[in-house]
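Trainee: let's see this in three dimensions:
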Amino acid sequence: MRSRIVEKSLKLSAGKQKGLAALSTERGIIAALAIDQRSALRKLFAKASGRSDAEISTEEMAEFKTHVSRILTPHASAILLDPEFGLPAAAQRARNAGLLLAYEKTGYDKAIPGRLPATLEGFSVSRLREEGADAIKVLLYYSPFSEAEINAKKCAWVTRIGAECAESAVPFFLEIVSYHDEMDEKGPEFALIKPDSVTRSVEEFCKPRYAVDVIKVGVPVNMKYVDSVSAPVGTALYSRSQAIAYFKRASDACSLPFIYLSEGVTNEIFADALSIAAEAKSAFSGVLCGRATWQEGVGIFVKEGADALDEWLRQDGVENIENVNARLAAARPWQEKFTVATEGIG
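Mentor: Predicted coordinates for the structure are as follows:
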């Protein structure tokens, strides 16, 4: 039998390899916890407390993140935080957990069409590295159906950040949030186009010009509309076999390592999504799971205090994160997309 060396076109600097290794398990799987939410977390606090968003203090949010980090990171390979409220939590993470820091401003200016992104004022990739970041993450609202002028601005923004990360030899994680300007992204109309939106989006940002290292993306279907015993009669828009096919299609379209985000769904629903990913033989390299792990703890913290939150995290929070971790046996090491492989022929 003869063999040939198949050279992967994707290259990683030593610095980026070191950063990704710090975020991964020994097997090369990213089993990360996300709590970089800012405006979304403020809304959860407001809803639980009956106060307005503006009445939620920075100190409350920072304290909550710190408790989550301290108790749950022993069960994670990394944690994603924001430098605005999350640095105290970063200092309390387990020694085994790497650190991703968010570089984007939370939300977007609703007065300007297109959900345009922006980086945090007063921060740079270099400064985030000084704060201890092993990798940098930005969130991008992206729709392949948007006007060309809007998407050109977004693509240029991602390119600039990719160049900045490359100069500092720090891994660049791009979080893609799919949407459509004229649709409710949680409704049935968008659910029908979500598979195409996700697939076309990952195809775009796998292009070398962006210098992205890992794509963080939602699953390519809205799990609420997947046919199952728990779905209300008449609501299903995809059969389970169709959902599996959409997972496979999006996976095949992504030449970079990619990980799934939970998109604010429940732990049970996210675990089911990962089960479908396994059935589809999706080549995902792990997760960055946020609210599906800790969101129920917000109300406990607000109404019963820090001690009650700690008790909930040690029981339910740990159970939630381990429930997700148990679905990562099917995940593929991120190194597979970068290493040299030997194939037998003849």
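
Trainee: what comes up buried for stretch 325-344?
Mentor: Asn325, Arg327, Leu328, Ala330, Ala331, Arg332, Pro333, Trp334, Gln335, Lys337, Phe338 (16 or more other Cβ atoms under 10 Å). Just so you know, the C-beta spots here come from the backbone N, C-alpha and C atoms, and that holds for glycine as well.

Trainee: now that stretch, how far from the centre of its chain.
Mentor: Here stretch 325-344 is found 18 Å from its chain centre; the criterion is Cα atoms, centre = their mean, to the nearest Å.

Trainee: pLDDT of that stretch, averaged?
Mentor: Averaged across stretch 325-344, pLDDT comes to 79.

Trainee: just the helices in the chain please.
Mentor: Counting by DSSP state H, one finds helices in the chain at the ranges 14-22, 39-49, 58-72, 87-91, 125-130, 148-168, 188-205, 240-253, 267-279, 291-294, 296-304, 306-312, 318-325.

Trainee: comparing the ones you listed, which comes out most buried?
Mentor: helix 291-294 (a mean of 26; mean count of other Cβ atoms under 10 Å).

Trainee: hmm, who's touching that helix?
Mentor: Contacting residues not belonging to helix 291-294 are listed as 33, 35, 37, 40, 68, 72, 262, 264-267, 269-270, 313, 317, 320-321, 324 [Cβ atoms under 8 Å, 6 or more residues apart in numbering].

Trainee: okay, the helices of the chain in CSV with distance to Lys216 next?
Mentor: Shown next, in CSV, are the helices of the chain (distance: least, Cβ to Cβ, whole Å):
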stretch, distance to Lys216
helix 14-22, 13
helix 39-49, 15
helix 58-72, 18
helix 87-91, 18
helix 125-130, 17
helix 148-168, 13
helix 188-205, 10
helix 240-253, 13
helix 267-279, 14
helix 291-294, 14
helix 296-304, 22
helix 306-312, 26
helix 318-325, 15
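
Trainee: quick one, phi psi at Leu237?
Mentor: Here is the backbone geometry of Leu237 (degrees, to the nearest 10): phi -110, psi -20.

Trainee: rewinding a little: and the buried residues of stretch 325-344, which is closest to Gly234?
Mentor: Closest approach to Gly234 among the buried residues of stretch 325-344 (Cβ to Cβ): Arg327, at 28.6 Å.

Trainee: pLDDT below threshold where in the stretch 101-250 of the chain?
Mentor: 229-233 (pLDDT under 70).

Trainee: switch to 80 and redo it
Mentor: Applying pLDDT under 80 to the stretch 101-250 of the chain flags the ranges 229-234.

Trainee: before we move on, the earlier item: of the helices of the chain, which is nearest Ser285?
Mentor: In terms of Cβ to Cβ, the element of the helices of the chain nearest to Ser285 is helix 14-22, at 9.6 Å.

Trainee: ok, and what's touching the closest one?
Mentor: Taking Cβ under 8 Å, 6+ apart as the rule, helix 14-22 contacts 12, 78, 98-99, 134-135, 168-171, 213-214, 334, 338.
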